[in-house]
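Asks: When you get a sec, could you give me coordinates for this:
(chains A and B)
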Amino acid sequence: MVEEESVRVVRCGGSELNFRRAVFSADSKYIFCVSGDFVKVHSTATEECVHILQGHRNLVTGIQLNPNNHLQLYSCSFDGTIKLWDYIDGILIKTFIVGHKLHALFTVACAEDSVFVIINKEKPDVFQLVSVKLPKSSSQEIEAKELSFVLDYINQSPKCIAFGNEGEYVAAVRDFYLSVYFFKKKTTSRFTLSSSKNKKHAKNNFTCVACHPKEDCIATGHKDGKIRLWRNFDDGKKYTYTCLHWHHDMVMDLAFSVTGTSLLSGGRESVLVEWRDATEKNKEFLPRLGATIEHISVSPAGDLFCTSHSDNKIIIIHRNLEASAVIQGLVKDSSIFTGLMIDPRTKALVLNGKPGHLQFYSLQHDKQLYNLDIIQQEYINDYGLIQIELTKAAFGCYGNWLATVEQRQEKETELDLQMKLWMYNKKTQGFVLNTKINMPHEDHITGLCFCNAEKFENPTLVTASKDGHFKVWILTDDSDIYKKAVGWTCDFVGSYHKYQATNCCFSEDGSLLAVSFEEIVTIWDSETWELKCTFCQRAGNIRHLCFGRLTCSKYLLGATENGILCCWNLLSCALEWSAKLNIRVTEPDPHSENIAAISQSSVGSDLFVFKPSEPRPLYIQKNISREEVQWGVFVPRDVPESFTSEAYQWLNRSQFYFLTKSQSLLTFSTKSPEEKLTPTSKQLLAEESLPTTPFYFILGKHREQQDEKINEALESELVQLPLTENIPAISELLHTPAHVLPSASFLCSKFVNSLLLSKETKSGEEVPDDVDMEEEKESDDSDEENDFTEKTQDTNDTDLGEDIIHQLSKSEEKELRRFRKVDYSWITVL
Amino acid sequence: MGEFKVHRVRFFNYVPSGIRCVAYNNQSNRLAVSRTDGTVEIYNLSANYFQEKFFPGHESRATEALCWAKGQRLFSAGLNGEIIEYDLQALNIKYAVDAFGGPIWSMAISPHGSQLLVGCEDGSVKLFQITPDKIQFERNFDRQKSRILSLSWHPSGTHVAAGSIDYISVFDVKSGSAVHKMLVDRQYMSVSKRKCIIWGVAFLSDGTVISVDSAGKVQFWDSATGTLVKNHLIASADVQSIAVSDQEDSFVVGTAEGTVFHFQLVSVTSNSSEKQWVRTKPFQHHTHDVRAVAHSPTALISGGTDTHLVIRPLMEKVEVKNYDAALRKITFPHRRLISCSKKRQLLLFQFAHHLELWRLGSTVATGKNGDTLPLSKDADHLLHLKTKGPENIICSCISPCGSWIAYSTTSRFFLYRLNYEHDNISLQRVSKMPAFLRSALQILFSEDSTKLFVASNQGSLHVIRLLEGSFKHLHTFQPQSGTVESMCLLAVSPDGNWLAASGTSAGVHVYNIKHLKLHCTVPSYNFPVTALAIAPNTNNLVIAHSDQQVFEYSIPDKQYTEWSRTIQKQGFHYLWLQRDTPITHISFHPKRPMHILLHDAYMFCIIDKSLPLPNDKTLLYNPLPPTNESDVIRRRTAHAFKISKIYKPLLFMDLLDERTLVAVERPLDDIIAQLPPPIKKKKFGT
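Replies: Numbering: from 1, shown residues only, chains lettered A, B, ... in the order given. Down below sits the predicted model:
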């Protein structure tokens, strides 16, 4: 592992799965979706992510199956490349460098060696549909500069382009017109709807288009919720259309089923509508899908549909309109009030999710674990409605308790506040509502914190509010003759000169409570609730407040609105140091003394990591993001890193995540993208680049040479290498579709030969086999332990790198070894 | 333009009857429309959709089917079990033949035009042979179990499809036996109905039978095998009518929800010959049941319970984008239903079975231009005169002095004398009408109320002198030799010397009343006359035609006037020619000889002959010029046509005296309020 790496800001999952239409594999076993710079391959049956296709350096903007080989996938990206993937193995086959920023990708079966992309050439708003000729070449990276122009002035969204009748024509919509370009005739027909001048047709805008797979029929969706089915459009005069109208709001996407017998449409109603035989009366619905339908796609086999939703979710739907699986990413639909939190039990990131929900999001697996319905009311999706908002949440007592605050303010004077306390139920493995407190305060709650100290057997919660009070809530016995129960009651109400309380914070050992009242920080004894002392710096209202940890627990930090960061010494009751920084986020690392602060300037946001005891920061990274950073959080690592460099040591035990205003979740990483590629795929990639067919490994000279190499290698004590070398060749054979294989008689002798060769080295090979098995067990164990246990794995750090290598190639190795064993028995019978 | 005090009359409680059938004739481009009260109207689509003929209704003669036969012959059949042929020249019924099968529900003329089929209540299908002057019963087809509601011939004439209740039968014409019986599903999409009524069938030349039924389905059947090919569920209520275009590439259906759907035969893909029927555009121009549809080569025609006749042009079939490409909605008859007594300020309203006489209200208040004046005396309903017998009133008239009322039905002519004693009115029927005065198409009194002019349906014009309580037949103008065309419009000069009469197509004849002889004939014009009037003093005859042309003909000089020649040379304003309702009334200002007052259903116009004519660049519909503008500007922008669109739909407008106008409006909302409630449809957001 390379240690001296520069720390970079990287996107870490949570990217939009709903950015483009998802694509099904030909056999409907897999579904592909774009996810930031990656393409994710999910299993349609289990919802699990099977592969992540990494390689693009910018947002992936389009994916399509290769029409000539349905085991391959094309993807295009803003980085100007089109990449061809083998999705079953998750390897990159080829990269075509186009050069322009690519906005969308289309493939057509009849255009064998070219694909269609949307680019913008000159002006920022003028988009063109061009066809790109993909040159046939054996090299890994190919320049594809041969562009031919198809349509100009189109909409940039791929939903507004559709190819019909096996690529005979392409339909594009924009604003109020539909243009159809016929490739054979090289003519364009254009159909315009009456535009917004007439009030009746004010919302006639086209929003999306789809082409019938069998007939000359184009379906277009409109802003007023209508769907128009166009026919006879090859004649500019005799064209005709019919209307289907059910949606009351804009039609977001349309898709025809594979046979064309039904049309699917969706929009903000969150209802998937299936129009059978394209008739208005014969329609079926799949309602309550949770959020606006952004995209609809249909599997080539015709058995599955899927809908992408605005809450970053993909629902896989069976042909009979039953939702069969949900792939849920990080919900980014609403604004984040609660901030980023870590659930102490699952180590999941917790934040606002769907309206009225808290989402638990696994950072490791980049998927949502579950949603906790806090508000427990039906969400009505309509403009202008004032909704109940979940504003605060906090975990306490190692995740046993969860406190949430929700509010709804219709007018200045009418404020609805509710605080809910949830207890973790071990049986159901979930949070159960324990106490509901109506109007805990007279005004907005500004701070909410639990006392997490171990010595407190009685859980304590403090709320601070704009009404000038802070309240201490404790858990008391609430048993009656019917049942034993516990509940929360208010224990103490404190205030300071009628100032508005703005923040509250417990010290690490729980002995002190700091509450800020506008410009003043007050320190309270948590035993007796006596005011101990006050600090005031007259530098504006306190925005953030936190105590130091471990050795620095005697320090209290406060960031003010006037851009001053103060550090007070609690022992001397004096200001230790202060710095002029416009702090947006202060976040203490739970595993060290480090505190991360993010400051905001006109250029961007800067990160400072420091210990309260020393005013000099440990680490500074300027300009981590161009936009405002709203929240940050330290996430403890399962496996500590081992940066020796002083500057990066703060990343050893925890990882720092932060969320920007546009809701992209970012983190710091030292790995370069190349390194992130798994070792196996890298190796396969190297072999793939050879200008040879897979059979070459078995039938050609290369095989013999390689075997010789293996023998040599075996002799020279490197045990794992030959195996991993050996696997791809046979795996290629095993994975090659049967219909393209040469006859078995032809293959047999060579195949047996290859096996015989390996038999010769049997003595050398059996040993590593066993070693591998052991290693597997070990890694299996570690897999099972996973994240849920608190165990800190203090394994040998130096072994770690290799360990990961084996874990990643393990499944393949295991499979292949099993095959090999079967083959052995077969040979002995012969 | 001058300022007038306007009586804005809205108490004419007229409701047109609903449309039951429409039949389109491709050769003459005419449309026959029958209404629920038995009235049959003929519209000339070439003449700007003018309603040129009508046959008055009859209470017992509910028309259920209407057909054109070869040689412009029109047949109808109805629930009284009779087949009727109309005489389109004399505007009366030629003959009626009882089919002896109970009420007739459907009728179809064979493609060759020589045979006629009727479907009866008792389940029989009867074949008639059409002879040049009559129809002759030929034979019965196999009798079915229930009534035959729809019939359609195969274009070759060998087979007939008949829609009944719950099934469709296909008959072989030669043998008269049912070849196939195709059962229609009663229940569809979990909508269970007791019976499935086949409201309409259409037989295409490739053997496909299209049926529409009460379950809201449009179904395609293969008549060779008797199997269902395709099913379109288009409505949750009945689909009541179907019409196929002559090319068989499109058809139209009308539903009880008021929607008209267009189906087109489109090729599946551009490079294959395979074609399929696709529902394309829905049209919602009706609020109530669409009982009848027709398909002309360029337009879809529909009519129903909401009394509108809607002509929706097919944009792709219209060659030039002229006014034919616009949607037409015909609601009111193109003839006068109101007459007015200027002297006593009385209005006579004509309904299907009664007449109403009203005295206009009056006011003493004065106000600015545009003010609504309060009434000091409300309008009075003086008289309600019911007809005897089942026949509808054809025409009516009140004399200018207000003391005579005349009206006519198909078989009888009535003349009443009105006596006014303070506020009381006594009505006295003038008995012993002469035998020749049986039926009249138009009645007119002379300006001094001493003469009565009656246009009878034989083409003759009777002149009758009215005396106190009695009358005397003066003369009968016989039609010119050879023509049997009836006169529909009459106009008499205010001095009583001249009488102008016009038929449906031939020119206008001018008679000299003094000498009782034909004075001259105005040269005939391609388009029918919609209104006639003779100006006082100059005796200029003003004629309005259905193509919106207006001519002025000097009777003494027997030639068109100079002004008429000028306007013909220069041409009318294009917007004037694009108006879609005909001019129904022309009158004159007694003190301003240069003014011609005329109106159609949507505008009232004063043509000032002294002002320059507008050309296509000038604004035709200029708003009333603001008074503060200088006279110079007003003079510069002024042109001969002063148009007011305040009153609509305008059924009648006339000058009572120099400063008073009476305008009779009939707002469409009031008509809709009197119709039965439409099928309730759940509308989103209500």
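
Asks: Pull the contacting residues for the closest residue to chain B within the stretch 1-150 of chain A.
Replies: Nearest residue of the stretch 1-150 of chain A to chain B (CB to the nearest CB) works out as A:Cys110 at 13.3 Å. The C-beta positions use only the backbone N, C-alpha and C, and glycine is treated the same way. By CB atoms under 8 Å, 6 or more residues apart in numbering or on different chains, A:Cys110 lies in contact with A:Glu166, A:Gly167.

Asks: phi, psi of it?
Replies: A:Cys110 adopts backbone torsions of phi -80, psi -30, taken as degrees, to the nearest 10.

Asks: Check the one 10 residues further on too.
Replies: The phi and psi values for A:Asn120, taken as degrees, to the nearest 10, are phi -120, psi 130.

Asks: That one reaches A:Ala104, doesn't it?
Replies: No - with contact defined as CB atoms under 8 Å, A:Asn120 does not reach A:Ala104; the gap is 11.1 Å.

Asks: okay, the two: which has more neighbours?
Replies: Applying other CB atoms under 10 Å in any protein chain shown to A:Asn120 and A:Ala104 shows that A:Ala104 carries more neighbours, namely 24 against 16.

Asks: Not counting its neighbours along the chain, what's nearest the more buried one?
Replies: A:Pro158 (3.5 Å; CB to CB, 6 or more residues apart in numbering or on different chains).

Asks: now that neighbour: how far from A:Arg20?
Replies: 7 Å (CB to CB, to the nearest Å).

Asks: Name the residues contacting each of the two.
Replies: A:Gly62, A:Ala104.

Asks: who has more neighbours, those two?
Replies: A:Arg20 (28 against 21).

Asks: For the closest residue to that one other than its chain neighbours, give me its contacts.
Replies: Nearest residue to A:Arg20, sequence neighbours excluded (CB to CB, 6+ apart): A:Val34, at 4.9 Å. Applying CB under 8 Å, 6+ apart, we find A:Val34 in contact with A:Glu16, A:Leu17, A:Phe19, A:Arg20, A:Lys40, A:Leu59, A:Val60, A:Thr61, A:Gly62, A:Ile63, A:Ser75.

Asks: and A:Val34, bridged to which residues?
Replies: Taking DSSP bridges, one finds A:Val39 as the beta-bridge partners of A:Val34.

Asks: Would you mind stating the distance between it and A:Ile314?
Replies: On the measure of CB to CB, A:Val34 and A:Ile314 end up 11 Å apart.

Asks: Report the set of residues contacting both of the two.
Replies: Joint contacts of A:Val34 and A:Ile314 (CB under 8 Å, 6+ apart) are A:Leu17.

Asks: any idea which helix is longest in chain B?
Replies: helix B:562-570 (DSSP state H).

Asks: re the thing from before, point out the least confident member of the contacts of A:Val34, please.
Replies: By pLDDT, A:Glu16 ranks lowest within those, coming in at 82.

Asks: how much space between that residue and A:Gln64?
Replies: From A:Glu16 to A:Gln64 the distance is 18 Å (CB to CB).

Asks: just B:Gln549 next, same as before
Replies: In this view, B:Gln549 and A:Gln64 are 65 Å apart by CB to CB.

Asks: Comparing the two, which residue is more hemmed in?
Replies: Of the pair B:Gln549 and A:Gln64, A:Gln64 is the one with more neighbours under other CB under 10 Å, namely 22 against 19.

Asks: Beta-bridge partners for the more buried one, please?
Replies: Here A:Gln64 sits in beta bridges with A:Tyr74, going by DSSP bridges.

Asks: so who does the spatially closest residue to A:Ser664 that is not a sequence neighbour touch?
Replies: Nearest in space to A:Ser664, with sequence neighbours left out and distances taken as CB to CB, 6+ apart, is A:Arg11 at 6.3 Å. A:Arg11 sits next to A:Gly36, A:Asp37, A:Ser664, A:Leu665, A:Leu666 when contact means CB under 8 Å, 6+ apart.

Asks: Need those in CSV (columns: secondary structure, neighbour count and pLDDT).
Replies: Output for the contacts of A:Arg11, formatted as CSV (DSSP: H, G, I helix; E, B strand; the rest coil; neighbours: other CB atoms under 10 Å in any protein chain shown; pLDDT from 0 to 100):
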residue, secondary structure, neighbour count, pLDDT
A:Gly36, coil, 24, 83
A:Asp37, coil, 21, 84
A:Ser664, coil, 18, 81
A:Leu665, strand, 24, 84
A:Leu666, strand, 19, 85
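
Asks: Which of the residues you listed sits closest to A:Pro344?
Replies: Closest approach between the contacts of A:Arg11 and A:Pro344, by CB to CB: A:Leu665, at 19.7 Å.

Asks: for chain B, where's the lowest mean pLDDT among helices and strands?
Replies: helix B:631-637 (a mean of 59; mean pLDDT, DSSP states H and E).

Asks: could you say what helices and strands the following helix or strand past that helix packs with?
Replies: Per DSSP states H and E, the first helix or strand lying C-terminal to helix B:631-637 is strand B:641-644. In terms of contacts (3 or more CB pairs under 8 Å, 6 or more residues apart in numbering or on different chains; DSSP states H and E), strand B:641-644 is packed against strand B:604-608.

Asks: and residue 334, what pLDDT?
Replies: In the absence of a named chain, chain A is used. 66.

Asks: Let me rephrase: I mean chain B.
Replies: 89.

Asks: wait, doesn't it sit right on B:Ile583?
Replies: No - applying CB under 8 Å as the test, B:His334 and B:Ile583 come out as separate, 9.7 Å apart.

Asks: who touches both of those two?
Replies: B:Thr530.

Asks: just the strands in the stretch 301-450 of chain B please.
Replies: Secondary structure of the stretch 301-450 of chain B (DSSP state E, counting those that start in this stretch): strands at B:309-313, B:328-330, B:338-341, B:346-350, B:354-359, B:380-386, B:395-398, B:404-408, B:413-421, B:424-429, B:440-445.

Asks: by contact count, what packs against the last one?
Replies: Packing partners of strand B:440-445 (3+ CB pairs under 8 Å, 6+ apart): strand B:395-398, strand B:404-408, strand B:451-456, strand B:487-492.

Asks: rerun that using 6 Å as the cut-off
Replies: If you count contacts as 3 or more CB pairs under 6 Å, 6 or more residues apart in numbering or on different chains; DSSP states H and E, strand B:440-445 packs onto strand B:395-398, strand B:451-456, strand B:487-492.

Asks: Next, the buried residues of stretch A:447-456.
Replies: Across stretch A:447-456, burial judged by 16 or more other CB atoms under 10 Å in any protein chain shown covers A:Gly447, A:Leu448, A:Cys449, A:Phe450, A:Cys451, A:Asn452, A:Phe456.

Asks: okay, these in CSV with pLDDT next?
Replies: Listed next are these as CSV, based on pLDDT from 0 to 100:
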residue, pLDDT
A:Gly447, 90
A:Leu448, 90
A:Cys449, 89
A:Phe450, 88
A:Cys451, 85
A:Asn452, 77
A:Phe456, 61
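
Asks: I'd like to know which of those are part of helices.
Replies: Residues of the buried residues of stretch A:447-456 located in helices (DSSP H): none.

Asks: Tell me which of those fall in strands.
Replies: Within the buried residues of stretch A:447-456, residues falling in strands by DSSP state E are A:Gly447, A:Leu448, A:Cys449, A:Phe450.
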